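Coordinates only, no sequence provided:
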């Protein structure tokens, strides 16, 4: 497996592949790789001749009060995992490589407000601006044909798809279903913040989302009631919701009569750890507006 | 000469060239092509196998009070000029092609504040955000190896160079000297707003800038005095300056002791027409700070 941390090292490898006509898939990550990430890498293997995984904990997508400093960093284990997953190149830039002039006086991106100001964007202002800023840099540096993202970060996936459309990148965005533990907990690097008791409690998040997704498909379902009942259930397990909502899958807008493709999305606090999860529910929306 | 107005048409031509290993140069323009633009196209011919010229009057770089509606549009003449200049492809997108979701709820770029908030940026707030937003879209759509810009828009050139560095584009930015009429007036599409008398008056802009550039190289030159005297001279010709300044060529910052690479930049109103121009002056800066 090749390794690159500078722009020049990366570019030499990319150009060598390009000049022999090989296609490239990118898996952007913040490291601390788990089975969810590795599923993305394996999917990337099917999509292109070469697979690049980037590992970079991007400061501009963290707010000042968030867990940037404590975010788990496990470079040795990550390298070993990527080797096993037959990744071709791991790109591990530092902040000078991604932000050569820093981030206060640089060319930055902003995400589409309608998508980026709700849900995660409401509770993490500026988060998606940081995401599109770093992902566009990775796209320009790696020039992939395909990039793979997990549905675990569903809103991020929509934002990236819109960025690609808006900015005119010829990059195919592929989405993979969330990978879960036996108890249903969505894999996340932040799960390692949880102690044993919290981890058991956290399993109720996916269980409650599953119930909401099922109930939402019943005729006459009242979404607001479902949402508030679900939040109360979660409180019984000390899971405090920032939000738990049923939204249109395509744009996260409020469901309208006839919408069939809906998504249940939630963010909850489990102690000092913030967890997100989401599930789709294919359902003919018949409720009154 | 090929023509494309949609993303798909453009991409088909680009991919055909790419698959046969040809390199691509891009000349981004707003149309109404004059000899300055055509010099860029001819330079592009020397830089790559294929030359793409884009023609798009980008609304997001105009403020509400500016001349977007009246900006000269001459598509037939432009096509003929490009044919003569041996351009390979003219890309003429409409706004739905550049901004498929409009510009109010889209992924947008912002330019580095230190470069983009001074001079043109002070008098045209948001102008360079619009410039980087449209140029990044053109870069993603055309995927050029080289892009050519004129020094006439010197601050724009610096902003683009910084954008390329910040965002990690593997695109070589080439700059060409300003093309001038016999009387010294820098070629600009906005010159056609001038009547015959104004056009004669406007020639004094480059003449005054030349004098400032020469005087600035003299030992003990006081820049602020030179700047204010020059502005007064221009007023005699009814040329009213938004600014006329001597700045560091590399970053448009105030000159410091020992700076050798300086640039005189000005924007003036000639009636209702706003003209910009600039000249370099290689000079050892010895003035007191």
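Arrived safely. The shown structure was predicted, so the numbers you read here are calculated from the model rather than taken from an experiment. Residues are numbered from 1 along each chain as shown, chains lettered A, B, ... in the order given.

OK, contacts around the residue lying closest to residue A:127 once chain neighbours are set aside?
In space, and not counting its chain neighbours, residue A:127 is closest to residue A:61: 5.3 Å by CB to CB, 6 or more residues apart in numbering or on different chains. C-beta coordinates here come from the backbone N, C-alpha and C atoms, glycine included. Each residue near residue A:61 by CB atoms under 8 Å, 6 or more residues apart in numbering or on different chains is listed here: A:126-131, A:133-134.

Dump the residues you listed to TSV, plus neighbour count, distance to residue A:68 and pLDDT.
Putting the contacts of residue A:61 into TSV (neighbours: other CB atoms under 10 Å in any protein chain shown; distance: CB to CB, whole Å; pLDDT from 0 to 100) gives the following:
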residue	neighbour count	distance to residue A:68	pLDDT
A:126	17	13	97
A:127	21	12	98
A:128	28	16	98
A:129	21	15	98
A:130	21	11	98
A:131	25	14	98
A:133	28	15	98
A:134	24	13	98
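
Which members of these occur in helices, if any?
A:127-131, A:133-134 (DSSP state H).

so which of the residues you listed comes closest to residue A:43?
residue A:131 (20.2 Å; CB to CB).

what are the ranges of the helices in the stretch 101-250 of chain A?
For the stretch 101-250 of chain A, the helices defined by DSSP state H, counting those that start in this stretch cover A:113-116, A:120-123, A:127-142, A:154-167, A:196-215, A:223-236.

just those helices: most buried one?
Comparing the helices of the stretch 101-250 of chain A by mean neighbour count (mean count of other CB atoms under 10 Å in any protein chain shown), helix A:127-142 comes out on top with a mean of 24.

Return the residues of the stretch 51-200 of chain A in contact with chain B.
In this structure, the stretch 51-200 of chain A approaches chain B at residues A:98-101, A:104-114, A:132, A:136-138, A:140-141, A:143, A:162-163, A:165-170, judged by CB under 8 Å from any CB of the partner chain.

if we can go back for a sec, need the ones in helices among the contacts of residue A:61 in JSON lines with distance to residue A:35, can you?
JSON lines is the format used below for these (distance: CB to CB, whole Å):
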{"residue": "A:127", "distance to residue A:35": "25"}
{"residue": "A:128", "distance to residue A:35": "26"}
{"residue": "A:129", "distance to residue A:35": "30"}
{"residue": "A:130", "distance to residue A:35": "26"}
{"residue": "A:131", "distance to residue A:35": "22"}
{"residue": "A:133", "distance to residue A:35": "28"}
{"residue": "A:134", "distance to residue A:35": "23"}
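
Quick one: neighbours of the closest residue to residue A:268 other than its chain neighbours, just the number.
Distances taken as CB to CB, 6+ apart put residue A:239 closest to residue A:268, at 4.3 Å, once the chain neighbours are dropped. Using other CB atoms under 10 Å in any protein chain shown, residue A:239 has 23 other residues around it.

for residue A:239, which residues make a bridge with it?
residue A:270 (DSSP bridges).

Was I right to think it contacts residue A:207?
No. With contact defined as CB atoms under 8 Å, residue A:239 does not reach residue A:207; the gap is 10.7 Å.

Roughly how far does residue A:27 sit from chain B?
Applying CB to the nearest CB, to the nearest Å, the value for residue A:27 to chain B is 17 Å.

From the contact counts, what lies against the helix or strand harbouring that residue?
Per DSSP states H and E, residue A:27 falls inside strand A:24-29. For strand A:24-29, the packing partners by 3 or more CB pairs under 8 Å, 6 or more residues apart in numbering or on different chains; DSSP states H and E come out as helix A:7-19, helix A:35-47, strand A:50-55, helix A:127-142, strand A:146-150.

what's in contact with it?
Taking CB under 8 Å, 6+ apart as the rule, strand A:24-29 contacts A:14, A:17-18, A:37, A:40-41, A:44-45, A:47-56, A:87, A:134-135, A:138-139, A:142-149.

Name the nearest of the contacts of residue A:61 relative to residue B:214.
Within the contacts of residue A:61, the smallest distance to residue B:214 is 43.4 Å, found for residue A:133 (CB to CB).

Out of the helices and strands packed on strand A:24-29, which is closest to residue A:201?
Distance to residue A:201, taken as CB to CB, is lowest for helix A:35-47 among the helices and strands packed on strand A:24-29, at 20.5 Å.

if we can go back for a sec, from the contacts of residue A:61, which is closest to residue A:157?
Nearest to residue A:157 among those is residue A:131, at 10.4 Å by CB to CB.

Alright, calling it a day.
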